[in-house]
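1. Sequence and computational prediction follow.
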Amino acid sequence: MKKSLFFLLLLFLAFSCKPKKNFIYMSNNNFEQEVSQARYEGLRIQEGDVLEVIITAMDDLAVKPFNKTSIVQTGEEGGSGAMRLGNNQYQVTTDGYIAFPTLGNIYCKGMTKQQLKVEFEARLKQYLVDPVVTIQLVNFNISVLGDVGSPGQKTSLTERLNIFQALALAGDMRSSANRTNVKLIRYSEESGKDLTYQLDLSEASIVNSPYYYLQQNDILYIEPDKNAQIAANTTNPNRTLFIQTLGVVLGLITFVIAIAK
């Protein structure tokens with residue numbers, strides 16, 4: 001009888017202490033093979049982006065008309081007013097243009113920075129000898145919401161931002177987060193609406209996903225796991241933990257009584 005109770009107690013403790021499934025990032029599949037296939041394809045310029053465009057050439061005087069000092073740009077229709085742009089910064093309008101000194105309106109929506117650089121240099125060669133164009137996206141913003149340490153909008157200093165770097169900006173996932181069902185919300189130019197993609201961060205193959213690297217204005221939503229959801233829907237948020245602890249205590253009491261007999 002004592003042996004049976006002891007065996008049942010061991011089983012109970014084993015299951016009560018069972019580790020959370022999929023708690024570790026990229027724990028499944030061939031990690032080395034998947035990582036070797038990761039590729040960064042760059043970003044596309046979107047409306048609302050703020051681009052810093054700096055023009056240089058051998059003749060400093062000839063370059064001056066193409067660079068500017070800070071100005072106040074009036075907000076778009078339906079916007080929240082004026083926006084102050086820094087030196088050589090330009091905001092992409094809803095029509096996809098930036099208003100550039102001397103050259104006028106330049107369409108750039110949907111282009112890569114390299115494509116826009118080539119476009120600038122082609123136009124500038126009419127005025128300058130060997131112009132050099134440097135383009136930088138100033139407001140690379142993403143939002144991380146849900147079960148993370150510090151949810152909210154985050155600004156990245158680098159445009160080559162992957163999912164794990166974004167989570168690091170948000171204080172990483174909490175232990176109660178569901179790593180197998182992370183939602184990425186991204187605006188699609190083709191469909192003209194936001195699309196939602198489901199990502200499993202417990203799979204090493206995530207680094208081979210076309211959504212591994214984020215685009216500006218992406219939204220990541222980290223939902224809590226089922227246990228956290230159940231706890232949130234009860235009057236006592238610690239009810240699940242209390243029940244588990246009570247089960248362990250009762251098991252120990254049963255064990256002590258069995259030994260004492």
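-> Thanks, I have the structure now. Remember, it's a predicted structure, so these values are computed and weren't measured experimentally. Numbers count the residues shown, from 1 in each chain.
2. who are the neighbours in contact with Ser188?
-> Asp194, Leu195 (Cβ atoms under 8 Å, 6 or more residues apart in numbering). The way it works is simple: take the backbone N, C-alpha and C, and place the C-beta from them, glycine included.
3. Skip ahead from the helix or strand hosting Ile55 and say which helix or strand is next.
-> For Ile55, the element it lies in under DSSP states H and E is strand 50-56. Once the chain leaves strand 50-56, the next helix or strand it forms, by DSSP H and E, is helix 60-63.
4. export that next one as CSV, just CAs?
-> C-alpha atoms of helix 60-63 as CSV (Å, rounded to 0.1, in the frame of the first residue of the first chain):
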residue,chain,number,x,y,z
ASP,A,60,30.1,72.6,-52.4
LEU,A,61,28.5,75.8,-53.8
ALA,A,62,26.7,74.0,-56.5
VAL,A,63,25.2,71.5,-54.0
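5. and the end-to-end length of stretch 198-206?
-> 11 Å (Cα to Cα, to the nearest Å).
6. pLDDT on stretch 112-128, on average?
-> If you average the pLDDT over stretch 112-128, you get 94.
7. typed the wrong thing, it's stretch 141-154
-> The average pLDDT for stretch 141-154 rounds to 95.
8. So what's the predicted local confidence for Glu190?
-> 82.
9. mind checking how far Leu124 is from Gly96?
-> Leu124 is 20 Å from Gly96, where distance means Cβ to Cβ, to the nearest Å.
10. mind listing the helices for the stretch 151-261 of the chain?
-> 163-169, 226-232, 239-260 (DSSP state H, counting those that start in this stretch).
11. ok, of those, where does mean pLDDT dip lowest?
-> When those are ranked by mean pLDDT, helix 226-232 comes last with a mean of 64.
12. rewinding a little: quick one: buried residues of the strand holding Ile55?
-> Buried residues in strand 50-56, counted by 16 or more other Cβ atoms under 10 Å: Val50, Leu51, Val53, Ile55.
13. ok so, going back, so for Leu124 and Gly96, which residue has more residues nearby?
-> Shown here are Leu124 and Gly96; by other Cβ atoms under 10 Å, Leu124 has more neighbours (21 against 16).
14. That's all I had, so thanks and see you.
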